[in-house]
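In: build me a model from this:
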Amino acid sequence: MSIVCNENGTEFKIKIPKLVRRWWAENIGGVILLTVRYGNKLME
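Out: As a prediction, this is how the structure comes out:
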């Protein structure tokens, strides 16, 4: 949610869609692989 103001100065909340990156992958054998990130960087 984000707080915005109109021309009268009244504050209200609106929903803004966010891009969520996929942080998992499924292996051929059905094993789920998770990635760990700090910000936009992949942790090793």
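In: so where's this structure shaky on pLDDT?
Out: For the chain, not a single residue meets the criterion pLDDT under 70.
In: now the strands for it?
Out: In the chain, the segments counted as strands under DSSP state E are 2-5, 11-14, 24-26, 32-34, 37-38, 41-42.
In: so which bits of the first one are buried?
Out: By neighbour count, with 16 or more other C-beta atoms under 10 Å as the criterion, strand 2-5 contains no buried position. The way it works is simple: take the backbone N, C-alpha and C, and place the C-beta from them, glycine included.
In: that one: partners in the sheet, and parallel or antiparallel?
Out: According to DSSP bridges, the neighbouring strands of strand 2-5, each with its direction, are strand 11-14 (antiparallel).
In: now the most centrally placed residue in the chain. Its backbone dihedrals?
Out: Relative to the mean C-alpha position of the chain, the nearest C-alpha, by C-alpha atoms, centre = their mean, is the one of residue 20, at 3.6 Å. Main-chain torsions, residue 20, degrees, to the nearest 10: phi -110, psi 120.
In: what about it, distance to residue 32?
Out: 17 Å (C-beta to C-beta, to the nearest Å).
In: also residue 1?
Out: Residue 1 sits 30 Å away from residue 32, going by C-beta to C-beta.
In: I figured residue 6 hits residue 12, correct?
Out: Yes. With the criterion set as C-beta atoms under 8 Å, residue 6 and residue 12 qualify as a contacting pair; they are 7.4 Å apart.
In: bridged to residue 25, which residues?
Out: With DSSP bridges as the rule, residue 25 is bridged to residue 33.
In: residues in contact with it?
Out: Under the criterion of C-beta atoms under 8 Å, 6 or more residues apart in numbering, the contact list for residue 25 reads 32-33, 35.
In: and if you look at residue 36?
Out: 42-43.
In: again, only using 10 Å
Out: Residue 36 makes contacts with 23, 42-44, as judged by C-beta atoms under 10 Å, 6 or more residues apart in numbering.
In: likewise residue 12?
Out: Remark: with contacts taken as C-beta under 10 Å, 6+ apart, residue 12 is in contact with 2-6.
In: make JSON lines from those residues and add distance to residue 27 to it.
Out: Listed next are the contacts of residue 12 as JSON lines, based on distance: C-beta to C-beta, whole Å:
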{"residue": "2", "distance to residue 27": "37"}
{"residue": "3", "distance to residue 27": "42"}
{"residue": "4", "distance to residue 27": "43"}
{"residue": "5", "distance to residue 27": "48"}
{"residue": "6", "distance to residue 27": "50"}
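In: this completes my enquiry, with thanks.
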